[in-house]
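Undergrad: Here is the input, now give the coordinates:
(one chain, ligands or ions: 1)
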Amino acid sequence: MKTTQSEIVDRQKLILPTLGCGTWAWGNRLLWGYNENMDDELQAVFNLCVKNGVTLFDTADSYGTGKLNGRSETLLGQFSREYSGENKDNICIATKLAAYPWRLTRNSMVKACQSSAKRLGRNVDLVQMHWSTGNYAPWQEGILLDGLADIYDRGLVKGVGLSNFGPKSLKRVHKKFSSRGVPIATLQVQYSLLSTYPVTELGVKEVCDELGIKLIAYSPLGLGLLTGKYSDKSSLPKGLRGFLFGQLLPGIRPLLDCLKEVASSRNKTMSQVAINWCICKGTIPIPGAKNLKQAEDNIGAKGWQLSDGEIAELDNAAANSNKKMVQNIFQTR
Ligand SMILES: NC(=O)c1ccc[n+]([C@@H]2O[C@H](COP(=O)([O-])OP(=O)(O)OC[C@H]3O[C@@H](n4cnc5c(N)ncnc54)[C@H](OP(=O)(O)O)[C@@H]3O)[C@@H](O)[C@H]2O)c1
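TA: Reported below is the predicted structural model:
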């Protein structure tokens, strides 16, 4: 399937599709159970996504630590270089640079972007500030943001984005960047039927629309909970996610039931409905996929639309759910 014209937002040659793919799990053993034997299948996931117009890949310089340092970027670089099929020119690798406490100069951001490009073996397309230090080290934030804008000024990337910034801080950064002539292409926040906080409660979507910034929705499947496969205690994943899901499940049953009902009436899967809901809300969801089956399923969230009535039903179930996904501690207001 070719990328259609309507999927393309041309912003400094940055091409953003309606659906992307998240790659936090590609190199993360602790939370996501990654091992190197998965690499061949992850390459097949990459190829399938690009062929079907899912050309945005979200990664970060903190995805893969220790021996697996930068693994997600390294894999994406290898996969994108080796890919030779349809939509190759539209591939958009979006990395996020961590606001590590030891990144204290603007040049440390430029260097970090160059290290990401080295791991990728190609340029970064979209560089994002992974999180704001506004909640705990506000004095560091201006320096790192200056560095982010320097990356754009030096022509190292096609676009610049932010992540985990709320509407007030977004407006502040927009003003700062505008004075340097640096456009903000994207904002990435947690957004799903289980987590509407910065979008609905803080109104960040309206601010993005006003400023011409595209909103990227991370964890659109609620870390896997909205797929419906973790529906009782015996099916929970190991570790931290299992613990979290165990806490959330009793309070979100009505939401999962509603999702299931809409899915079966549309002959779609719960994952497809959860992702399509994000698309209908005007965001670009980036669901993570660890294997071909998940990628195929998630790609099926494109090319159709929930009705207004179905969206209202889901909104209602989400609003009445008495448990929500935990918020990122770095999310600002
Ligand atoms: N900016 C930030 O601070 C930030 C924070 C978090 C994430 N992100 C980005 O957002 C991306 C997506 O979020 P996420 O990975 O946290 O969570 P998610 O997309 O809500 O869930 C992804 C997980 O759900 C399961 N899954 C996915 N598709 C499935 C399907 N069709 N059927 C069954 N299971 C499926 C897989 O894990 P299992 O098979 O193990 O269940 C997969 O790893 C990340 O990869 C990352 O790029 C950014």
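Undergrad: hey, let's count contacts and neighbours off CA atoms from now on
TA: Will do.
Undergrad: And whichever residue of the stretch 51-200 of the chain sits closest to the ligand, its phi and psi?
TA: Proximity of the stretch 51-200 of the chain to the ligand (C-alpha to the nearest ligand atom) peaks at Asp58, 4.5 Å away. Reported as degrees, to the nearest 10, the phi and psi values for Asp58 are phi -100, psi 130.
Undergrad: Start at 30, not 1
TA: All right, first residue 30 from here; so that's Asp87.
Undergrad: Sticking with the nearest residue to Asn136 once chain neighbours are set aside, tell me its helix or strand.
TA: Spatial nearest neighbour of Asn136, excluding adjacent residues (C-alpha to C-alpha, 6 or more residues apart in numbering): Gly176 at 5.9 Å. Assessed by DSSP states H and E, Gly176 sits inside helix 167-182.
Undergrad: which residues touch that helix?
TA: 128, 132-139, 142, 156-158, 161-163, 186-189, 202, 206, 211 (C-alpha atoms under 8 Å, 6 or more residues apart in numbering).
Undergrad: Run the chain-centre distance for it.
TA: Per C-alpha atoms, centre = their mean, to the nearest Å, the displacement of helix 167-182 from the mean C-alpha position of its chain is 21 Å.
Undergrad: Pull out the buried residues from it.
TA: Of the residues in helix 167-182, 169-181 count as buried by neighbour count, 16 or more other C-alpha atoms under 10 Å.
Undergrad: buried residues in stretch 149-163?
TA: Residues of stretch 149-163 classed as buried: 149-150, 152-163 (neighbour count, 16+ other C-alpha under 10 Å).
Undergrad: ok, back up a step: is the residue of the stretch 80-229 of the chain closest to the ligand in contact with Thr124, as I believe?
TA: Yes - contact status for Asp87 versus Thr124: in contact at 6.0 Å, counting by C-alpha atoms under 8 Å.
Undergrad: Identify the residues contacting the helix or strand hosting Asn345?
TA: Counting by DSSP H and E, the element that carries Asn345 is helix 337-349. In this structure, residues lying in contact with helix 337-349 by C-alpha under 8 Å, 6+ apart are 222-223, 283-284, 287-288, 291, 306.
Undergrad: Next step: those restricted to helices.
TA: Mapping the contacts of helix 337-349 onto helices (DSSP state H) picks out 283-284, 287-288, 291, 306.
Undergrad: Most neighbours among the residues you listed, which one is it?
TA: Neighbour counts for the ones in helices among the contacts of helix 337-349, by other C-alpha atoms under 10 Å, peak at Leu288, which reaches 26 neighbours.
Undergrad: which ones are touching Leu284?
TA: 343, 346-347, 350.
Undergrad: Tell me the confidence at the residue of the stretch 30-179 of the chain found nearest the ligand?
TA: Closest contact between the stretch 30-179 of the chain and the ligand, by C-alpha to the nearest ligand atom, is at Gly51 (3.3 Å). Per-residue pLDDT puts Gly51 at 98.
Undergrad: Please apply the same query to Gly251.
TA: Gly251 is assigned a predicted lDDT (pLDDT) of 97.
Undergrad: for Lys352, same thing?
TA: On the pLDDT scale, Lys352 gets 81.
Undergrad: State the phi and psi torsions of it.
TA: As for Lys352, its main-chain torsions (degrees, to the nearest 10) stand at phi -130, psi 150.
Undergrad: Give me the number of neighbouring residues for it.
TA: Lys352 has 17 nearby residues by other C-alpha under 10 Å.
Undergrad: List the contacts of it.
TA: 223, 277, 280-281.
Undergrad: now, among those, which is nearest to the ligand?
TA: Distances from the ligand to the contacts of Lys352, taken as C-alpha to the nearest ligand atom, are shortest for Leu223 (9.6 Å).
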